[in-house]
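>>> when you get a sec, could you give me coordinates for this:
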Amino acid sequence: MMFWVRRPLARRLLAPRICLPGGRRALSAGGQPGDEGGTDSGAEQPWWRRMLPQDRMEVKGTLKLSLALIFGMETMKWLTSDKEGTQQRELEEVRRLRAERQARREALGRSAA
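Take a look at the predicted model:
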């Protein structure tokens, strides 16, 4: 059916290591599915297994910290924003640029005439 599953590397990568704490080697060494597979069972876990949360409190703590950080960043953004002052400064800059352009046009018109 799937030809690539027969290859050794694919079989090793697709092995159900999540279900068995010791991985495939625990069963191949004569162990039972419930065995830990000896002292090196931690080394047999895939690299991403260490990234998963170990208990519920770890997930809750992560969510609480994330919420606090987002709330803090949004509060800081809201407190430091100066919309009215920014709008006034931008309007003044536009008026100044328009006046400079108009002065250049008039200077060019006088020199050409």
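>>> show me what the longest helix seen in the chain is packed against.
Ranked by residue count, the top helix of the chain under DSSP state H comes out as helix 83-112. Of the remaining helices and strands, none touches helix 83-112 by 3 or more Cβ pairs under 8 Å, 6 or more residues apart in numbering; DSSP states H and E. C-beta coordinates here come from the backbone N, C-alpha and C atoms, glycine included.
>>> helices along this structure, start to end?
8-13, 24-28, 56-80, 83-112.
>>> what residues does the third one touch?
Think helix 56-80. For helix 56-80, contacts defined as Cβ atoms under 8 Å, 6 or more residues apart in numbering pick out Pro53.
>>> burial measure for Glu90, as a count.
10 (other Cβ atoms under 10 Å).
>>> for Glu44, that is, sorry about that
For Glu44, the number of neighbouring residues by other Cβ under 10 Å comes to 17.
>>> measure it to Asp55 for me?
Using Cβ to Cβ, to the nearest Å, Glu44 is found at 21 Å from Asp55.
>>> least trustworthy helix or strand in this protein by mean pLDDT?
helix 24-28 (a mean of 48; mean pLDDT, DSSP states H and E).
>>> from Met73, how far off is Met51?
Noted for Met51: a distance of 25 Å to Met73, by Cβ to Cβ.
>>> between those two, which one's more packed in?
Legend: neighbour count by other Cβ under 10 Å for Met51 and Met73, higher for Met73 (10 against 7).
>>> so where is this protein shaky, pLDDT-wise?
Scanning the chain for pLDDT under 70 picks out the ranges 1-43, 113.
>>> redo that, cut-off 80
1-45, 51-54, 56, 82-84, 112-113 (pLDDT under 80).
>>> gap between Met76 and Asp55?
Met76 is 32 Å from Asp55, by Cβ to Cβ.
>>> actually, Glu84.
For Glu84, the distance to Asp55 equals 49 Å [Cβ to Cβ].
>>> what's the answer for Arg110, then?
Taking Cβ to Cβ, one finds Arg110 at 81 Å from Asp55.
>>> and for Arg101?
With Cβ to Cβ as the criterion, Arg101 and Asp55 are 66 Å apart.
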